[in-house]
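Engineer: Below are the sequence and a predicted model for it; my questions follow.
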There are 2 protein chains.
Amino acid sequence: MRVLGVVVEYNPFHNGHLYHLRKAKTLINPDYTIAVMSGNFVQRGEPAILDKFARAKVAANMGVDIVFELPFVYCIQDASGFATGAIGILEKTNVVTDIVFGSESSNLEVLDKISTILYEQPKSFKKLLNKNLKKGLSFPNARKFALVEYLESSNYEHNVMDILEQSNDILGLEYLNALKLYDSKIIPHTIQRIKAGYNQKEFTGEISSATAIRNLIEKNEMSKVKQGVPSLSYEVLLREIEKGKAPIIFEDMRDMVLAKLRMMKKEELMQIDGVKEGLETRYSKFSKISSNLTELVNNVKTKRFTLTRVKRTLLKIFFDLKEKDMKLYNSHGPQYLRVLAFTKKGQELLGKMKDLSAYPIITTPSRYRKIYNRLNDKLLSSNKRYQSIPEIYLNQIEYDFLASNIYTLLYKNTNLSSYEPDKKEKVIIL
Amino acid sequence: MRVLGVVVEYNPFHNGHLYHLRKAKTLINPDYTIAVMSGNFVQRGEPAILDKFARAKVAANMGVDIVFELPFVYCIQDASGFATGAIGILEKTNVVTDIVFGSESSNLEVLDKISTILYEQPKSFKKLLNKNLKKGLSFPNARKFALVEYLESSNYEHNVMDILEQSNDILGLEYLNALKLYDSKIIPHTIQRIKAGYNQKEFTGEISSATAIRNLIEKNEMSKVKQGVPSLSYEVLLREIEKGKAPIIFEDMRDMVLAKLRMMKKEELMQIDGVKEGLETRYSKFSKISSNLTELVNNVKTKRFTLTRVKRTLLKIFFDLKEKDMKLYNSHGPQYLRVLAFTKKGQELLGKMKDLSAYPIITTPSRYRKIYNRLNDKLLSSNKRYQSIPEIYLNQIEYDFLASNIYTLLYKNTNLSSYEPDKKEKVIIL
């Protein structure tokens, strides 16, 4: 049995995603395909443009047999934390045999060489990295230059600079790293991605970036959007807009985020993951003299702290994600397998997973307390095989619920702000 | 020298306020008149309909020589805490000789009799009060019935029931109580108020309640508003509306308050002043299943916890006002005299106060840190007479700034959300 795993955000699902999914299937020829997908907040440090249920529904319709939710605490992390969560889910299903990810270089050999260095952290590499960090370089840049220097000194011939500047390659490196971390037997594969596509802002027709499509949705240029996404994705999007549930944008969080920041003391800010080296002062000061979030993040960002990092950290501040907790989450990985949607084929695979997965599979989130109690009750032989640590399990899943309950406050239709989606929405079955 | 002190909210300043102010002046014939006025949040547990600077400007134009700001931590308390703050300000000026307050009964003798019982808390009264509280009565009701029983048992003839059911009389009782607390020499006076005027919702022409006028402003029925308020009050109101700074309503806080509540754990809620006896569960539960604040407070309220109390407590939760801190604030009273506006005559009086007041007078809030340092520096003989406790001073004034910086987030003109009013607005001089 071959099971293909992919890591996605589908924010929203567009033609490029469909192309990628089909290509990956052609490459692997899997019996089943599963995806781990960001929830209501995404790795750019923003709320998703439409909610996780709508996006999962599209994914299942487009050929993913099971859609798992990436727990919230991993969604808004940098490439490394994001990969730790995503690969953790795929690995702990205990059924995934292959993963495929997009890569600008599509050179698995070089990616693997680099990720081995990052994983093993040889002393001389670490020294170079620290030297660069002390110069005031951002972490991605410090790491990039340290790697180049390290590889040069070990007479490695390949030009790695390119790889370390491309978003999919960087994410790919972290996937490889995470596979090592979990001592995983999953086989990684890459498929070619067109350079710089990810952040391209302009609409480029049938194959456009998610950024470009989100911009069009925001401007309500729906006829163009229609060209860039599969028809089902378009229909779901339209329906969500009609209901007043989409589009959700970063700025919709203005009141709650600015209010929270203006109230926080520097000592509290300094406990948050990623807030250090004076960032606490910048967030605190600029929260008072910025009128909106775009202004705020542009004021806070520096050469060293990039815009995306500032946005991700802003969400961590808002959600009170402390450094000590994040360390725990990142060293233990996700603790459950929450299913958002599945197909008939997916149901078959879920049946097999019931006896195989290392974590409890959650299809009815309202039962999360019962599962917690059972995880705590070591006497029940049926749960012995679950590796989940009960307290971490509880914290992580409650964060998913919280993220949903905050997300509903962003709906234009405020009547829907009270509907507690994780309690009310049933798992989607196709 | 006679100095008249009044306690006001002027939310907004209407004809009834002008009538009351003139009547008080006729009664006392003072050399100067000063007011202590709520800041950006008021005792109903809501943001003020227009900001403290606009309201102070109107007050100074209408015949108040100095407008002091009631520190935020007292603005959103029940009658007792509100009075502690307001009378504290008037008392610590060391110049006020008389206060006048509106009263439905206008029977100072009976009010004083009752307030003495409340102040001295005789054992048999306390017993009756506790008995009633245990029955599940709200505090105001438990107190009311205990007083009636206590006075009956001591053969006091007057019917006090009426007094204890009227909002101005209740507030009056607390003013008298606070005067005792500060061992004040200020002489209290009452002027008759028409029963039930305070909460009357309908517009009743030239003399309408603040509630009725706020409702009209919200509905943009400005021609009616014009009939109910002095022309300068109307002009200021119009200008604030034009600037996008008014009207501000309770529901404008929806996002920030619901987000905060949905994120709080019950243990955190239980530390907040006034959150007890299961209220933590009600706030927590209903924050998730209410779409807006009106829904929330109506869901949370019970027989025992009245709507206004629920709203005040909601603001305490939002601003993180813990029980332990409030106890400190209420036992020490306000620690500074912040001036929002003064007239030429007021300037004269401020000159005298410089040598007399028990607390530092603040006209330039940006100097608040310097004043803090000087309060801490006991060696400076010029500050020896100030009774302020530096740490409490600092907490209280920083809460005023925070309240302003949250209030600006409620402006319809979001460009003004970044202007830090307490730094940018100069004291108003007429």
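Structural biologist: In hand now; what should we look at? Numbering: from 1, shown residues only, chains lettered A, B, ... in the order given.

Engineer: which residues in the stretch 1-150 of chain A form helices?
Structural biologist: A:15-28, A:52-61, A:72-75, A:79-92, A:108-120, A:123-134, A:139-153 (DSSP state H, counting those that start in this stretch).

Engineer: quick one: contacts of the first one?
Structural biologist: Outside of helix A:15-28, the residues within contact range by Cβ atoms under 8 Å, 6 or more residues apart in numbering or on different chains are A:2, A:4, A:6, A:8, A:10, A:33, A:62-64, A:98, A:100, A:102, A:189, A:191, A:193, A:197, A:206-210, A:228-230. In this view, the C-beta of every residue, glycine as well, is placed from N, C-alpha and C.

Engineer: one step back: tell me which of the helices of the stretch 1-150 of chain A sits most buried.
Structural biologist: helix A:72-75 (a mean of 26; mean count of other Cβ atoms under 10 Å in any protein chain shown).

Engineer: And that helix, how far out from the chain middle?
Structural biologist: 6 Å (Cα atoms, centre = their mean, to the nearest Å).

Engineer: Can you tell me the centre-most residue of chain A?
Structural biologist: In chain A, the residue lying closest to the centroid (Cα atoms, centre = their mean) is A:Cys75, at 3.6 Å.

Engineer: returning to what we had before: filter the contacts of helix A:15-28 down to just the buried residues.
Structural biologist: Buried by 16 or more other Cβ atoms under 10 Å in any protein chain shown: A:4, A:6, A:8, A:10, A:33, A:62, A:64, A:98, A:100, A:102, A:191, A:193, A:197, A:208-210, A:228-230, out of these.

Engineer: Which one, of the helices of the stretch 1-150 of chain A, ends up nearest to A:Ala358?
Structural biologist: helix A:79-92 (4.3 Å; Cβ to Cβ).

Engineer: what packs against that closest one?
Structural biologist: strand A:3-8, strand A:32-38, strand A:66-70, helix A:72-75, helix A:167-181, helix A:323-332 (3 or more Cβ pairs under 8 Å, 6 or more residues apart in numbering or on different chains; DSSP states H and E).

Engineer: Chain B: which of the ones you listed is closest?
Structural biologist: helix A:72-75 (12.7 Å; Cβ to the nearest Cβ).

Engineer: contacting residues around the closest one?
Structural biologist: A:38-43, A:81-82, A:84-86, A:88, A:319, A:321, A:325-326, A:329, A:334, A:395-396, A:399-400, A:402-403.

Engineer: 6 Å instead, please
Structural biologist: The contact list for helix A:72-75, computed with Cβ atoms under 6 Å, 6 or more residues apart in numbering or on different chains, reads A:38-39, A:41, A:81-82, A:85, A:329, A:396, A:399-400, A:403.

Engineer: go on, stretch A:327-346?
Structural biologist: Against stretch A:327-346 from outside (Cβ under 6 Å, 6+ apart): A:52, A:56-57, A:60, A:65-69, A:71, A:73, A:81, A:84-85, A:88-89, A:357, A:359-363, A:388, A:392-393, A:396, A:427-428, A:430.

Engineer: Now A:Ser290, what are its backbone angles?
Structural biologist: phi -120, psi 140 (degrees, to the nearest 10).

Engineer: Excluding chain neighbours, what is closest to it?
Structural biologist: A:Leu296 (3.9 Å; Cβ to Cβ, 6 or more residues apart in numbering or on different chains).

Engineer: What are the boundaries of the strands in the stretch 151-300 of chain A?
Structural biologist: Here the stretch 151-300 of chain A has its strands, by DSSP state E, counting those that start in this stretch, at A:187-192.

Engineer: who in it is up against chain B?
Structural biologist: Applying Cβ under 6 Å from any Cβ of the partner chain, we find that the stretch 151-300 of chain A lies next to chain B at A:255-256, A:258-259, A:262, A:288-291.

Engineer: Mark which of these are buried, thanks.
Structural biologist: Judged by 16+ other Cβ under 10 Å, buried ones among those: A:255-256, A:258-259, A:262, A:288, A:290-291.

Engineer: Could you tell me which of the residues you listed belong to helices?
Structural biologist: For these, the ones inside helices are A:255-256, A:258-259, A:262, A:288, with DSSP state H as the criterion.

Engineer: How about the contacts made by A:Ile371?
Structural biologist: Applying Cβ under 6 Å, 6+ apart, the residues near A:Ile371 are A:Pro360.

Engineer: Swap in 8 Å and give it another go.
Structural biologist: A:336, A:360, A:362, A:393.

Engineer: quick one: average pLDDT of the helix or strand containing it?
Structural biologist: Element membership for A:Ile371 (DSSP states H and E) is helix A:368-376. For helix A:368-376, mean pLDDT rounds to 92.

Engineer: Tell me the buried residues in it?
Structural biologist: A:368, A:371-372, A:374-375.

Engineer: Can you name the element that comes right after it?
Structural biologist: By DSSP H and E, the next helix or strand past helix A:368-376 is helix A:390-407.

Engineer: who does that next one touch, helix- and strand-wise?
Structural biologist: In terms of contacts (3+ Cβ pairs under 8 Å, 6+ apart), helix A:390-407 is packed against helix A:72-75, helix A:323-332, helix A:368-376, helix A:421-424, helix B:254-263.

Engineer: Save these as a markdown table, and put in distance to A:Leu238 too.
Structural biologist: As requested, the helices and strands packed on helix A:390-407 are arranged in a markdown table below (distance: least, Cβ to Cβ, whole Å):
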| stretch | distance to A:Leu238 |
| --- | --- |
| helix A:72-75 | 25 |
| helix A:323-332 | 36 |
| helix A:368-376 | 32 |
| helix A:421-424 | 19 |
| helix B:254-263 | 26 |
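
Engineer: Those: which one's closest to B:Met270?
Structural biologist: That would be helix B:254-263 among these, by Cβ to Cβ, at 13.5 Å.

Engineer: now that closest one, how far from the centre of its chain.
Structural biologist: 24 Å.

Engineer: Just want the angle from it to helix A:254-263.
Structural biologist: Relative orientation of helix B:254-263 and helix A:254-263, computed by axes from the mean of the first three to the mean of the last three Cα atoms, to 10 degrees: 60 degrees.

Engineer: contact partners of helix B:254-263?
Structural biologist: For helix B:254-263, contacts defined as Cβ under 8 Å, 6+ apart pick out A:255-256, A:259-260, A:319-320, A:402, A:405-406, A:409, A:414, A:417, B:283-284, B:287-288, B:290, B:292-293, B:296, B:314, B:317-318, B:406, B:409.

Engineer: For the nearest residue to A:Lys144 once chain neighbours are set aside, give its distance to chain B.
Structural biologist: Leaving aside its sequence neighbours, A:Lys144 sits nearest to A:Leu164 (Cβ to Cβ, 6+ apart; 4.2 Å). Distance, A:Leu164 to chain B, using Cβ to the nearest Cβ, to the nearest Å: 37 Å.

Engineer: ok, A:Leu164 - contacts?
Structural biologist: Counting by Cβ under 8 Å, 6+ apart, A:Leu164 has contacts A:114, A:140, A:143-144, A:147-148, A:170.

Engineer: For A:Met1, give me its contacts.
Structural biologist: Here A:Met1 is in contact with A:31-32, A:95, A:97 (Cβ under 8 Å, 6+ apart).

Engineer: Show me which of these are buried.
Structural biologist: For the contacts of A:Met1, buried by 16+ other Cβ under 10 Å: A:32, A:95, A:97.

Engineer: okay, those residues in JSON lines with pLDDT next?
Structural biologist: Listed next are the buried ones among the contacts of A:Met1 as JSON lines, based on pLDDT from 0 to 100:
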{"residue": "A:Tyr32", "pLDDT": "98"}
{"residue": "A:Val95", "pLDDT": "98"}
{"residue": "A:Thr97", "pLDDT": "98"}
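
Engineer: how about low-confidence regions in chain A?
Structural biologist: Scanning chain A for pLDDT under 70 picks out A:194-199, A:378-384.

Engineer: show me where the stretch 151-300 of chain A has helices.
Structural biologist: Using DSSP H, counting those that start in this stretch, helices in the stretch 151-300 of chain A cover A:167-181, A:210-218, A:222-228, A:231-242, A:254-263, A:266-269, A:279-288, A:293-300.

Engineer: So for the second one, what gets flagged as buried?
Structural biologist: In other words, helix A:210-218. Buried residues in helix A:210-218 (16+ other Cβ under 10 Å): A:210-217.
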